[in-house]
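Colleague: the sequence and its predicted three-dimensional model are supplied below.
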Amino acid sequence: MGVEICVEGLSKSFGHQVIWQDVSLTLPAGEISVMLGPSGTGKSVFLKTLVGLLKPDRGSVLIAGRDITRLREHDLYEVRKLFGVLFQDGALFGSMSLYDNIAFPLREHTRKPESEIKRIVLEKMEMVGLLGAEEKLPGEISGGMRKRAGLARALVLDPEIILFDEPDSGLDPVRVAYLNQLIVDLNAQIDATFLIVTHDIASARQVPDNIGLLFRRELVMFGPREQLLASDEPVVRQFLNGRMQGPIGMAEEKDAAQIEQELAELDAGNHRGPMGGEGASDAGVTPRLLPSDGVARPPRWQAIAQRETRSHPHQVADA
Ligand SMILES: Nc1ncnc2c1ncn2[C@@H]1O[C@H](COP(=O)(O)OP(=O)(O)OP(=O)(O)O)[C@@H](O)[C@H]1O
């Protein structure tokens, strides 16, 4: 069913550089959450802190009732088994076949016989649509296939939590659409808790149950997808609509007078950015991506559909 992750008052610095401070949020068990934020706001640092690879300066990360920021290395090793991580490039071993790459965590962390390993590897390869590619080397396949192989490897130990670090980076829009569908289907099938770091606005709008946004060393907002999509908070509105107007600048934060002028322009209906040309309005609450036909939906889907129908009756796809 996945486990809840409860983050409370988390702060992280490197020397004098504060990355983020006082971050508090709960990733609900079994749900998909997305973490957004301009480059360099510490999204990857956040993922690494959740999995215990980096120690925060303050705060706690409660997973299955244990604060992983206070665990010793041995206990941390046990808690890490709850996690599957999909790294940006799939992090595959270049000299190993896909089969051996995917079998690797099973051979390292379990004493399962090869016959059982084979059953599990083929099952996960089928889940991600890679059956038949067992003998390929990572260098012989496309970026999209490498991501799927990395995902199959993240699945073999049956994780309760899966962390995705920019799963869509380097993929064309069609491959991103397929990967998003795969993520939604997998979540419905295995019901683990998913956290995805992405820059892709379209994915962030359609895939998750919850969205968070890091900016200016803080968690600006974290909450249900439809709440963030309908938010008037300037940073959230700018990011989710991919606009130049707003507090987020090219390399640094803008000054207050410029932000005020741009927000006034926005309210007057003058928009600049990829989600719409001049005069376009905010994209609103995009319909959520549903599991494919034939994939059973977990019970929480009904509650989420009701919640979304209540807030935006005409924009929610039939769930
Ligand atoms: N181990 C480290 N030691 C020192 N500084 C670090 C370390 N890891 C990350 N940083 C710094 O933390 C900041 C945030 O980095 P991070 O990679 O988490 O950002 P991000 O939001 O994931 O960026 P992007 O979207 O571009 O991938 C950067 O300034 C980076 O240089």
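Modeller: Thanks, I have the structure now.

Colleague: need the pLDDT of S11.
Modeller: Listed pLDDT for S11 reads 97.

Colleague: tell me the helix or strand right after the helix or strand hosting it.
Modeller: Using DSSP states H and E, S11 maps to strand 5-14. Moving toward the C-terminus from strand 5-14, the first helix or strand encountered (DSSP H and E) is strand 17-27.

Colleague: which strands and helices sit next to the helix or strand following that following strand?
Modeller: Next helix or strand after strand 17-27 toward the C-terminus (DSSP H and E): strand 32-36. Judged by 3 or more CB pairs under 8 Å, 6 or more residues apart in numbering; DSSP states H and E, the packing partners of strand 32-36 are helix 43-50, helix 173-190, strand 193-197, helix 201-206, strand 210-215. (Each C-beta comes from the backbone N, C-alpha and C, glycine too.)

Colleague: coming back round to it: any buried residues in the strand holding S11, and which?
Modeller: Under the neighbour-count criterion of 16 or more other CB atoms under 10 Å, strand 5-14 has 5-8, 10-12 buried.

Colleague: for stretch 48-58, same thing?
Modeller: 48-52, 54, 56.

Colleague: can you redo these as CSV with pLDDT and distance to P105?
Modeller: CSV is the format used below for the buried residues of stretch 48-58 (pLDDT from 0 to 100; distance: CB to CB, whole Å):
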residue, pLDDT, distance to P105
K48, 91, 18
T49, 94, 22
L50, 93, 19
V51, 90, 14
G52, 89, 17
L54, 92, 21
P56, 96, 26
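
Colleague: restrict those residues to those near the ligand?
Modeller: Subset of the buried residues of stretch 48-58 in contact with the ligand: empty, counting by CB under 6 Å from any ligand atom.

Colleague: for these, work out which two are farthest apart.
Modeller: V51 and P56 (12.2 Å; CB to CB).

Colleague: what parts of the chain come near the ligand?
Modeller: 14, 19, 37, 39-45.

Colleague: by neighbour count, which of the residues you listed wins?
Modeller: For these, the largest number of neighbours (other CB atoms under 10 Å) sits with K43, at 25 neighbours.
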